[in-house]
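[1] Let's see this in three dimensions:
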Amino acid sequence: MTTLNVKTLLCGLSLLALSPLMISPLVLAQPSPLTIKQNTKPKSSDRYIRAVHQEIETHNIGLDKTRYAILMGMLNTKGFAWVYDGEGEGYILARFDYRGDTNVMRIEYDESLVQLKYQDALGDYQCANLIDGICYKNGRGYYNYIKNLRASIARQLEMR
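    Presented below is the predicted three-dimensional model:
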């Protein structure tokens with residue numbers, strides 16, 4: 001087993017150990033229009049926050065097609081594919097592991113919108129300022145990877 005695989009395994013086990021301490025994923029599993037809180041500190045640029053957390057229109061294609069578009073978007077993301085990590089009513093958990101760092105996003109959806117929200121992370125992707133699932137402060141790598149996932153889901157929704 002390589003060092004990278006051991007780190008990824010340890011990160012995954014750590015997330016599982018922490019999961020009972022986290023807020024239940026059933027709480028507020030509903031996308032909503034993004035309103036950026038301007039007075040919060042620390043805070044990344046508004047354009048980075050919008051690139052990740054701005055809601056995506058589904059064009060009312062139906063919940064089944066929206067769910068399918070999210071799953072296909074996870075698979076077809078530029079770079080490494082995102083891994084399905086579970087789901088519940090109105091959301092899908094997507095996980096990304098890279099060089100021992102782990103990021104879990106909660107992709108919330110309903111009839112009209114899809115929105116990516118920060119769920120959890122280990123390593124370099126930990127959010128320094130998290131409010132209502134919106135990560136206000138993180139590194140550029142976080143915003144880059146999530147931006148690619150968001151764009152891939154938006155493309156898939158357009159194709160449906």
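[2] pull the longest helix from this structure.
    helix 140-159 (DSSP state H).
[3] close enough to count as contact, Leu116 and Val52?
    Yes: taking Cβ atoms under 8 Å as the contact criterion, Leu116 and Val52 are neighbours in contact, 6.2 Å apart. Any C-beta I mention is one placed from the backbone N, CA and C, and that applies to glycine too.
[4] Quick check: neighbours shared by these two?
    Ile146, Arg150 (Cβ atoms under 8 Å, 6 or more residues apart in numbering).
[5] circling back to that earlier point, check what contacts the longest helix of the chain and list those residues.
    Outside helix 140-159, the residues touching it (Cβ under 8 Å, 6+ apart) are 44, 48-49, 51-52, 54, 56-59, 61, 66, 69-70, 72-74, 76-79, 82, 94, 96, 98, 103, 105, 107, 114, 116, 121, 124-125, 127, 135.
[6] Name the nearest residue to Tyr136, sequence neighbours excluded.
    Take Tyr136 and drop its neighbours on the chain: the residue closest to it by Cβ to Cβ, 6 or more residues apart in numbering is Asn129, 4.1 Å away.
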